[in-house]
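K.L.:
No letters, just coordinates:
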């Protein structure tokens with residue numbers, strides 16, 4: 001670490017924290033079921049649409065046999081869970097999801 005951070009800087013940053021919901025999507029054994037490609041495409045379309053609508057602020061597909069992706073959503077955990085319960089891959093049993101409460105800071109972003 002090359003940057004010195006004071007206690008006051010930490011406290012000031014913490015005071016700006018805003019609540020978000022962190023969604024973890026995991027593949028199940030049903031990932032390879034008949035029709036999986038079409039269902040996954042509908043999942044992708046829905047997630048990108050939620051991103052375009054500002055519901056998802058960070059969308060990160062993951063290239064893993066277990067973890068399918070991570071999303072950070074605006075809104076409480078209950079709302080994020082309700083949204084994810086209607087996901088095509090979740091409904092088809094191809095994915096499961098976990099939703100966790102988290103906090104983020106204004107100005108944080110994934111580099112372009």
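P.N.:
That came through fine. Computed from a predicted structure; not experimentally measured.
K.L.:
Spell out the secondary structure type for residue 97.
P.N.:
strand (DSSP: H, G, I helix; E, B strand; the rest coil).
K.L.:
next one: residue 84
P.N.:
Assignment for residue 84 (three-state DSSP): helix.
K.L.:
Once you drop chain neighbours, what's closest to it?
P.N.:
residue 97 (4.4 Å; CB to CB, 6 or more residues apart in numbering). (Each C-beta comes from the backbone N, C-alpha and C, glycine too.)
K.L.:
Next up, the contacts around that neighbour.
P.N.:
23-26, 81, 84-85, 87, 90 (CB atoms under 8 Å, 6 or more residues apart in numbering).
K.L.:
Any of those buried? List them.
P.N.:
Those of these that meet the buried threshold are 23-26, 84, 87, 90, by 16 or more other CB atoms under 10 Å.
K.L.:
mind listing which of the residues you listed are in helices?
P.N.:
Of the buried ones among the contacts of residue 97, the ones assigned to helices by DSSP state H are 84, 90.
K.L.:
Arrange the buried ones among the contacts of residue 97 in TSV, one row each, with distance to residue 32 and pLDDT as further columns.
P.N.:
Below are these laid out as TSV (distance: CB to CB, whole Å; pLDDT from 0 to 100):
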residue	distance to residue 32	pLDDT
23	23	98
24	21	98
25	16	98
26	15	98
84	21	98
87	18	98
90	16	98
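K.L.:
Could you pull out the helices in the protein for me?
P.N.:
Counting by DSSP H, the helices of the chain are 7-14, 36-52, 77-85, 88-91.
K.L.:
Could you identify which of the ones you listed is most buried?
P.N.:
helix 88-91 (a mean of 18; mean count of other CB atoms under 10 Å).
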